[in-house]
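Chemist: Sequence first, predicted model second:
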Amino acid sequence: MKVAVLTNNEISKPLIDWLKESGENVETVSEKIDLLSLERIKPDLLVSYCYKYIIKEDIIKAMNDGIINLHISYLPWNKGADPNIWSFLENTPKGITIHKIDEGLDTGEILVQEELVFNEAEETLASSYAKLHEAMLDMFKANWKYLREKRIIPARQKKGGSAHKSADLDKYRHIISEKGYGIPVKEFKRLCAEIK
């Protein structure tokens, strides 16, 4: 199977390596995908994982239900940017989701998801981020056979939830710049609360 992995983040490398080791024909795409590149690659499936570009409607139509997104949140919570950080700041459910791509931002039907629980007293922003991606890789591997054969019945997302743009984090971004992603979650939340 020809799989194009859309990504701009090195954290996707273990997933790409695993797909190759599993015998899949994988091409990594880091630029904004368009119809010309789609025609050149001719993928059977697009896997979006930490991809900074919005996938346009013409690509979605051309792939005819052949695009999935790996998002490190428990949808419908924390659609969009910085889902891990917002799940702590807003005390919303944490987890991982593999879903179909539609025209909205992380609004497609859910294929697989898992809720995760973190001990905020022990976690840092970096450690929780790493654990989400480790869990995502495990969930992807466990379900790959069914994902590639489109044997999972998708489920509509529940109503509600939350969504964030990258700019939403701007008022707290200086804390991360000063303390780094190794900052304990509890300290990060305390410093953010002082700004409100």
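Modeler: Received, thanks.
Chemist: Just say helix, strand or coil for residue 145.
Modeler: Going by DSSP: H, G, I helix; E, B strand; the rest coil, the secondary structure assigned to residue 145 is helix.
Chemist: Quick check on residue 56: phi, psi?
Modeler: Phi and psi for residue 56, reported as degrees, to the nearest 10, are phi -70, psi 160.
Chemist: residues touching it, list them.
Modeler: Counting by C-beta atoms under 8 Å, 6 or more residues apart in numbering, residue 56 touches residue 34. C-beta: built from backbone N, CA, C; applies to glycine.
Chemist: Endpoint to endpoint, stretch 30-49 covers what distance?
Modeler: By C-alpha to C-alpha, to the nearest Å, the extent of stretch 30-49 from end to end equals 10 Å.
Chemist: what sits up against it?
Modeler: So stretch 30-49 is contacted by 1-9, 12, 15, 27, 29, 53, 55-56, 58-59, 62-63, 66-70, 101, 136, 147-148 (C-beta under 8 Å, 6+ apart).
Chemist: do the same with stretch 142-150
Modeler: 1, 3, 19, 22, 24, 45, 65, 68, 98, 111-112, 140, 151-152.
Chemist: Out of the residues you listed, give me the two with the largest separation.
Modeler: 22 and 65 (21.9 Å; C-beta to C-beta).
Chemist: which residues of this structure score low on pLDDT?
Modeler: Across the chain, the ranges flagged by pLDDT under 70 are 196.
Chemist: Quick one: the strands in it, in order.
Modeler: Remark: strands assigned in the chain by DSSP state E are 2-6, 25-29, 45-49, 67-71, 79-80, 94-100, 110-116, 163-164.
Chemist: For those, give me CSV that also has mean neighbour count and distance to residue 181.
Modeler: Converted to CSV, the strands of the chain look like this (neighbours: other C-beta atoms under 10 Å; distance: least, C-beta to C-beta, whole Å):
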stretch, mean neighbour count, distance to residue 181
strand 2-6, 22, 24
strand 25-29, 16, 24
strand 45-49, 23, 19
strand 67-71, 24, 19
strand 79-80, 18, 19
strand 94-100, 24, 16
strand 110-116, 17, 18
strand 163-164, 19, 17
